[in-house]
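1. let me see the structure of the following:
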Amino acid sequence: MASDPGLTAMLLWTISLQTVGSAGTNGNEVNLLDTTTNTGDWGWLAYPSHGWDAINEMDEYFTPIHTYQVCNVMSPSQNNWLVTGWIPREGARRIYIEVKFTLRDCNSMPGVLGTCKETFNLYYYESDRAVGSAIRENQFNKIDTIAADESFTGVDLGVRRLKLNTEVRGVGPLTRRGFYLAFQDIGACIALTSVRVYYKRCVGVSRNLAVFTDVVTGADSSSLVEVRGQCVDHAEERDTPKMYCSAEGEWLVPIGRCVCSAGFEEHRDSCVACEVGYYKPVAGDGPCGKCPQHSHSETRAAISCPCDSNYYRAADDPPAAPCSRPPSAPVNVISSVNGTSVNLEWDRPLDTGGRSDLQYSVLCLKCSREGPCEDCSASPGGGGGKAGGGASIGTAGGGMVERLGTGSVKFVPRQNGLTEPWVTVLNLVAHTNYSFRIVATNAVTHLSSERPPYASVNITTNQAAPSEVLAIHQENASQNSVTLLWHEPDQPNGVILEYDIKYHEKDNEEQTYSTLKSKNTSARVSGLKPGTKYIFQIRARTSAGCGRFSQNVEIQTGKAAPLRYNTMTIIWICMALVSGLVAFLAAIICRKRHCGYSKAFQDSDEEKMHYQNGHVSFPDARFYIDPHTYEDPCQAVHEFAREIEASRIKIEKIIGSGEFGEVCYGRMRLPGKRDIPVALKTLKAGYTEKQKRDFLAEASIMAQFDHPNVIHLEGVVTHSKPAMIITEYMENGSLDSFLRRHDGQFTIIQLVGLLRGIAAGMTYLSDLGYIHRDLAARNILVNSNLVCKVSDFGLSRVLEDDPDAAYTTSGGKIPIRWTAPEAIAYRKFSSSSDVWSYGVVMWEVMSYGERPYWNLTNRDVIKSVEEGYRLPAPMGCPAALHTLMLDCWQKDRNERPRFCQIVTILDKLIRNPENLKSVDKLCRDIQRLGVTLMGHQKKIMTSVQLMRAQVLNKSVPSVHV
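-> Predicted coordinates:
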């Protein structure tokens with residue numbers, strides 16, 4: 001090898017630079033060969049012998065340093081080879097060769113311009129095993145020709161400035177088990193300080209709860225290696241976790257992920273168990289959650305929290321739902337008896353058990369003094385059972401809420417599965433004790449072994465008229481008589497006092513009919529025409545009133561046999577006829593003399609007595625007797641009313657003032673009975689004779705009435721002062737005030753029930769022939785069971801000539817807004833005028849006590865009604881009820897319905913509540929505008945209706961009535 005002046009200096013500098021060459025590598029690089037770590041001879045093959053030289057030196061730390069150098073720059077055509085040992089590939093598909101070297105600038109050496117080079121060549125050769133020196137030069141594959149980025153000169157040596165070059169070349173793909181590297185010098189002055197051969201890998205990582213192991217990069221510089229990850233312990237795949245390893249040994253963005261299993265949550269790339277008191281029901285990203293209310297977990301890694309004692313979850317409750325329990329019993333049960341029906345209302349249980357799916361069931365028990373209560377909701381003959389039996393609300397053993405039976409008693413809207421806290425029970429037996437049990441349930445009630453608690457209420461139905469008489473048949477019939485037999489009504493609703501038999505010739509009903517009364521279920525009807533068809537109807541009567549007439553029964557009398565009369569027979573017949581006529585005339589004269597009063601019928605339309613076949617046919621209802629026909633008012637009151645000793649009356653407080661004096665609340669003591677609350681009207685001191693007559697007349701009128709919907713007179717006190725009228729106490733006072741206090745708080749069915757009670761009372765009064773003349777909501781009283789009763793009887797009323805006046809009584813004026821037009825204009829009072837007033841009462845009830853015709857003057861009201869204006873439907877009033885109001889306000893009084901027909905119509909509406917859903921179009925329009933509050937809707941409705949009335953008044957010409 002030719003000597004070089006700077007060669008020794010270069011080697012010294014090389015030694016000092018070995019520390020730099022032995023620096024650590026990146027974590028993603030795996031070394032296959034690193035000469036800086038080899039403390040011995042490299043063991044490489046160099047040829048020819050005058051080419052590459054191995055230099056072995058020690059640094060200042062006495063660490064051996066090995067390098068190869070060549071500097072044959074003086075001789076041309078150099079071909080010096082340096083071949084490494086066999087290097088195992090270790091699975092690498094692409095390798096990288098890092099060469100660190102120094103190179104002398106040819107221009108810095110004199111006389112070598114034609115032979116000096118500044119590059120060298122790098123080769124490789126693949127083989128499956130070490131082959132030693134058997135490799136020929138032409139078997140090597142050239143990797144690259146390597147040139148120095150910087151070369152040093154003699155000046156650099158003088159100032160000790162060394163320029164070290166580092167070059168990296170990649171080779172791939174490799175397929176054999178190993179390879180050789182070769183360095184070819186072609187005439188350069190070069191020193192190899194270190195050689196490092198390595199491959200790249202992606203280092204194992206944990207991402208998205210998946211572990212990715214080490215993986216060798218691909219064979220070329222753009223290849224990506226797909227790697228599938230494995231979920232960490234207690235995790236499971238959500239989407240297959242994958243990552244791609246780039247050729248540079250870097251992981252690209254991960255795809256897919258693992259999630260922690262049920263009972264485990266993520267913590268620092270691992271899944272840890274949920275602590276005690278926490279749970280996780282399903283695999284997912286979320287953390288463990290605290291056990292829901294009234295539940296717990298006793299171990300770690302819980303996937304659910306069992307409920308605490310006496311708490312449960314329904315089958316469709318999610319694991320995150322808190323545990324709940326059956327509700328407590330409903331509270332504040334309110335009953336409202338109306339005849340043979342009862343409205344039940346209650347409040348939600350104080351403890352709903354933590355659920356909102358409340359439902360209610362109602363058990364009906366019919367109670368008697370003789371034995372235990374029986375289930376009244378079971379079907380007839382179907383083994384309804386007694387309380388606590390087959391129809392019980394719950395059983396302690398099974399914990400199940402049994403479905404209650406269904407029978408003749410009807411529940412509206414239903415008996416079981418009620419979602420609203422109310423129910424109406426229909427078809428009860430009159431004057432009977434009932435007990436109702438109301439139980440609240442939810443979706444976990446059936447899971448509890450305990451019997452559900454219930455709220456109970458006891459009621460007694462009102463007296464009612466008996467049902468229709470059935471099974472009428474003829475026992476025998478002769479020429480002039482018929483014997484009838486029948487059965488007692490299915491529902492007598494009390495003790496049958498008597499039966500009314502009404503009959504007439506088949507084609508003669510409009511002209512006349514006759515009546516007969518019987519105490520038994522049989523009667524013989526005589527005085528009939530031979531060979532004639534008759535129609536018979538029978539009804540029963542109790543203390544509560546008369547039932548409906550039965551269906552028509554047609555019976556024909558026997559044909560008359562030819563008679564032969566002799567002269568003596570004819571004489572006797574004539575004498576009998578004359579005697580009968582004289583007796584009849586005497587009876588008529590007597591009746592005229594003693595019965596010169598009649599407020600019973602004041603119309604030509606009312607029923608009259610009829611004369612037929614020599615006998616008198618009277619209407620089938622009893623008469624009301626006007627006490628003003630008595631000369632002595634005390635005689636009338638003692639004939640009709642019961643005298644009560646003043647010592648039995650205890651006045652507790654004054655509740656108001658009436659026309660004659662104060663109105664008080666008190667209690668009346670009766671022998672052998674409990675004290676009962678009563679209302680007392682007193683006659684004030686200094687009364688006039690007329691006031692006394694009117695005071696006693698009111699008591700005489702009330703004493704003649706006995707009906708559940710008419711105020712009941714307990715008695716009078718006249719033998720001591722002050723004189724008192726004692727009536728039953730009505731806890732809720734007058735109907736108009738009661739409705740205003742409870743505005744919007746009742747259902748439509750309840751309001752219809754109130755109206756039905758008023759109509760039933762007026763039917764009773766109308767049948768007696770009594771005309772009220774002042775029917776208004778202020779004169780209807782309401783008791784604690786929401787039963788309405790007609791009151792305010794017997795007051796004298798005189799209409800003044802002033803068209804803007806009202807009825808005048810000794811106590812003040814009564815507005816004319818409730819009065820029929822014919823009664824105002826012509827003083828024509830009748831049951832039909834009471835029907836008009838009832839229509840206004842209906843409007844008051846449905847509007848919750850609003851003033852009829854609002855702030856219109858009396859004159860404007862008269863004018864508007866005469867011109868055809870009628871009150872519009874109140875807010876939320878069903879169309880069927882407003883139609884009935886309009887029928888009551890027909891101008892022709894003969895077109896108005898009778899009270900008995902009104903009761904029938906209301907009964908049908910109660911039995912078919914779906915007919916009460918249609919409301920006035922104006923109400924629907926207001927709701928469509930988005931006005932949801934009932935108070936706002938009512939104000940808008942009232943303003944619109946008042947404006948209508950005022951516009952109508954302005955458009956009508958002035959009329960003087």
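
2. for the longest strand along the chain, C-alpha coordinates in PDB please.
-> Longest strand in the chain, counting residues (DSSP state E): strand 189-202. Extracted as PDB, the C-alpha positions of strand 189-202 are listed here (Å, rounded to 0.1, in the frame of the first residue of the first chain):
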ATOM      1  CA  CYS A 189      -8.100   7.200   0.200                       C
ATOM      2  CA  ILE A 190     -10.700   6.000   2.600                       C
ATOM      3  CA  ALA A 191     -11.100   4.600   6.200                       C
ATOM      4  CA  LEU A 192     -14.200   2.600   7.300                       C
ATOM      5  CA  THR A 193     -14.700   3.600  11.000                       C
ATOM      6  CA  SER A 194     -17.900   1.500  11.600                       C
ATOM      7  CA  VAL A 195     -20.500  -0.600   9.700                       C
ATOM      8  CA  ARG A 196     -23.900  -1.300  11.100                       C
ATOM      9  CA  VAL A 197     -26.500  -3.600   9.400                       C
ATOM     10  CA  TYR A 198     -30.000  -3.600  10.800                       C
ATOM     11  CA  TYR A 199     -33.700  -4.000  10.000                       C
ATOM     12  CA  LYS A 200     -36.700  -2.100  11.200                       C
ATOM     13  CA  ARG A 201     -39.700  -3.300  13.200                       C
ATOM     14  CA  CYS A 202     -42.800  -1.900  14.800                       C
END
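
3. quick one: strands adjacent to the helix or strand following that strand?
-> Remark: after strand 189-202, the chain's next helix or strand is strand 205-207, criterion DSSP states H and E. Here strand 205-207 is paired, per DSSP bridges, with strand 210-212 (antiparallel).

4. got the buried residues for the partner strand?
-> Under the neighbour-count criterion of 16 or more other CB atoms under 10 Å, strand 210-212 has 210-212 buried. No exception for glycine: its C-beta is placed from N, CA and C like everyone else's.

5. stretch 413-426 too?
-> Across stretch 413-426, burial judged by 16+ other CB under 10 Å covers 415-416, 418, 421-426.

6. which members of those residues are the farthest-apart pair?
-> With CB to CB as the measure, no two of the buried residues of stretch 413-426 lie farther apart than Pro421 and Leu426, at 18.4 Å.

7. any idea how far Leu696 lies from Ala880?
-> 43 Å (CB to CB, to the nearest Å).

8. of the two, who's got more company?
-> Leu696 (26 against 17; other CB atoms under 10 Å).

9. contact partners for that one?
-> By CB atoms under 8 Å, 6 or more residues apart in numbering, the contact list for Leu696 reads 627, 633-634, 636-637, 716, 718, 723.

10. wait, is it part of a helix?
-> Yes. Assessed with DSSP: H, G, I helix; E, B strand; the rest coil, Leu696 lies in a helix.

11. state the pLDDT value of it.
-> With respect to pLDDT, Leu696 scores 87.

12. quick check: the gap between it and Arg524.
-> 43 Å.

13. over to Thr67?
-> For Thr67 relative to Arg524 (CB to CB), the value is 154 Å.

14. who has more neighbours out of those two?
-> Set side by side, Thr67 and Arg524 show more neighbours around Thr67, with 26 against 13, by other CB under 10 Å.

15. partner strands of the helix or strand where that one lies and their direction?
-> Assigned by DSSP H and E, Thr67 belongs to strand 64-71. Strand 64-71 has its sheet partners listed here by DSSP bridges as strand 53-58 (antiparallel), strand 189-202 (antiparallel).

16. is Leu755 in a helix, a strand, or coil?
-> helix.

17. Val841 versus that one, what's the distance?
-> 8 Å.

18. compare those two (neighbour count), which wins?
-> Val841 (28 against 22).

19. okay, now the closest residue to the more buried one other than its chain neighbours: neighbour count?
-> Nearest in space to Val841, with sequence neighbours left out and distances taken as CB to CB, 6 or more residues apart in numbering, is Ala777 at 5.4 Å. Ala777 has 27 neighbouring residues, counting by other CB under 10 Å.

20. list the contacts for Ala777?
-> 734-736, 739, 841, 844-845, 849.

21. try it again at 10 Å.
-> When contacts are counted by CB atoms under 10 Å, 6 or more residues apart in numbering, Ala777 touches 734-740, 754, 758, 788, 818, 840-845, 847, 849-850, 852.

22. tell me the SS of the closest residue to Arg756 other than its chain neighbours?
-> Of all residues not flanking Arg756 in the chain, Leu906 sits nearest, at 4.3 Å (CB to CB, 6+ apart). Of the three states, Leu906 takes helix under three-state DSSP.

23. enumerate every residue touching Leu906.
-> Leu906 neighbours (CB under 10 Å, 6+ apart): 752-753, 755-760, 842, 880-881, 884.

24. make CSV out of these and add distance to Val227 and pLDDT.
-> Listed next are the contacts of Leu906 as CSV, based on distance: CB to CB, whole Å; pLDDT from 0 to 100:
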residue, distance to Val227, pLDDT
Val752, 79, 96
Gly753, 80, 95
Leu755, 84, 97
Arg756, 85, 96
Gly757, 87, 96
Ile758, 89, 97
Ala759, 90, 97
Ala760, 91, 96
Met842, 86, 97
Ala880, 79, 92
Leu881, 81, 94
Leu884, 85, 96
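
25. distance to Leu871 added to those, as TSV?
-> Shown next, in TSV, are those (distance: CB to CB, whole Å):
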residue	distance to Leu871
Val752	18
Gly753	22
Leu755	15
Arg756	20
Gly757	22
Ile758	17
Ala759	18
Ala760	23
Met842	10
Ala880	16
Leu881	12
Leu884	13
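
26. doesn't Ala873 belong to a strand?
-> No. The assignment for Ala873, made by three-state DSSP, is coil rather than a strand.

27. that one and Arg300: what is the separation?
-> 68 Å.

28. again with Val495
-> With CB to CB as the criterion, Val495 and Arg300 are 78 Å apart.

29. those two: which is more packed in?
-> Neighbour comparison, Val495 and Arg300: the larger count goes to Arg300, with 16 against 9 (by other CB under 10 Å).
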